[in-house]
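K.L.:
build me a model from this:
(one chain, ligands or ions: 1)
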Amino acid sequence: MFLVFPTLRADHAAPAVMKKIAEHARRIVYLSAASVADNPDEHAEGIIGSHARMERLVEQSGMEWTFLRPSGFAANTLMWVDQIRAGDVVRWFHGAATRSLIHEHDIGAVAVRVLIEEGHGGAMYHLTGPSQLTQVEQAHAIGEAIGRPVRFEELAPEVARQELFAGAPATLVNSILNAHAKMVREPEPVTSTVEELTGAAARTFHQWALDHASDFR
Ligand SMILES: NC(=O)c1ccc[n+]([C@@H]2O[C@H](COP(=O)([O-])OP(=O)(O)OC[C@H]3O[C@@H](n4cnc5c(N)ncnc54)[C@H](OP(=O)(O)O)[C@@H]3O)[C@@H](O)[C@H]2O)c1
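P.N.:
Predicted coordinates:
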């Protein structure tokens, strides 16, 4: 079983879901997140706290488990699709937040390996893309991929809360804004785990942008 779980929105259902899965599956690969601490006693809130609780449930399920803990998904930038299709500017928050964004194909490639090979039980794999980019640089890379300049316009976090996340649950919005503020001060690290597990270099964000250019046109 490869488990992607809609954290926060379905926490209440997690114990029953895990019990049902354990009746049918022998091995589980859980898609967690990079900031989850190795120490289970370390308290975390928001999305990361939710993943930490899910990891505990998976550990207690009796199945052979592996945690994939990816950095930010390159696909998060699809949130900019409407703005980029409509113009040449991304109005967003914390432009200096620096991420080691990962291509979904690399998460998939690792997941397949871990599911079909022996020897990954009990492993917690920190997966990232091959380099760090600020959000400003990500917008520029998308511009290069679609063949016209895209610029980044910084929004104050409170403006972003109202303009971009109106109606979204406060816990979720706080989690996103706080995480990005932190990544201005502490860029996401880069690991070589994707290459070690798959034998191929992790795909760059520029490659991701080329693969998704039609989404932004
Ligand atoms: N995005 C990141 O940078 C990142 C990084 C590390 C880990 N992760 C983790 O990876 C997982 C997926 O993240 P994502 O960013 O791809 O999330 P997402 O864009 O919100 O996608 C979540 C998926 O879950 C489905 N879903 C949501 N609520 C559901 C419910 N109540 N019942 C059944 N399905 C439901 C959604 O279906 P619909 O499309 O039909 O709504 C969607 O396919 C999450 O656990 C996230 O925490 C994400």
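K.L.:
can you show me the strands along this protein?
P.N.:
Listed in chain order, the strands of the chain (DSSP state E) span residues 2-3, 27-31, 64-70, 89-93, 98-99, 124-127, 133-134, 151-155.
K.L.:
quick one, which of those is packed in tightest?
P.N.:
For those, the largest average neighbour count (mean count of other Cβ atoms under 10 Å) is found in strand 98-99, namely a mean of 24. From N, CA and C alone the C-beta is placed, and that goes for glycine too.
K.L.:
hmm, who's touching it?
P.N.:
71-72, 132-135, 138, 183-184, 187-188 (Cβ atoms under 8 Å, 6 or more residues apart in numbering).
K.L.:
out of the strands of the chain, which comes closest to Ala16?
P.N.:
Among those, strand 2-3 comes nearest to Ala16, with 13.8 Å by Cβ to Cβ.
K.L.:
quick one on the thing from earlier: need the strands of the chain in TSV with distance to His206 and mean pLDDT, can you?
P.N.:
Listed next are these as TSV, based on distance: least, Cβ to Cβ, whole Å; pLDDT from 0 to 100:
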stretch	distance to His206	mean pLDDT
strand 2-3	27	98
strand 27-31	24	98
strand 64-70	18	98
strand 89-93	17	98
strand 98-99	14	98
strand 124-127	18	98
strand 133-134	9	98
strand 151-155	16	98
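K.L.:
quick check, Arg148 in contact with Gly87.
P.N.:
No. Counting by Cβ atoms under 8 Å, Arg148 sits too far from Gly87 to count as a contact (10.3 Å).
K.L.:
from Ser214, how far off is the residue of the chain found nearest the ligand?
P.N.:
Nearest to the ligand in the chain, going by Cβ to the nearest ligand atom, is Pro6, at a distance of 3.2 Å. The gap separating Pro6 from Ser214 is 27 Å, by Cβ to Cβ, to the nearest Å.
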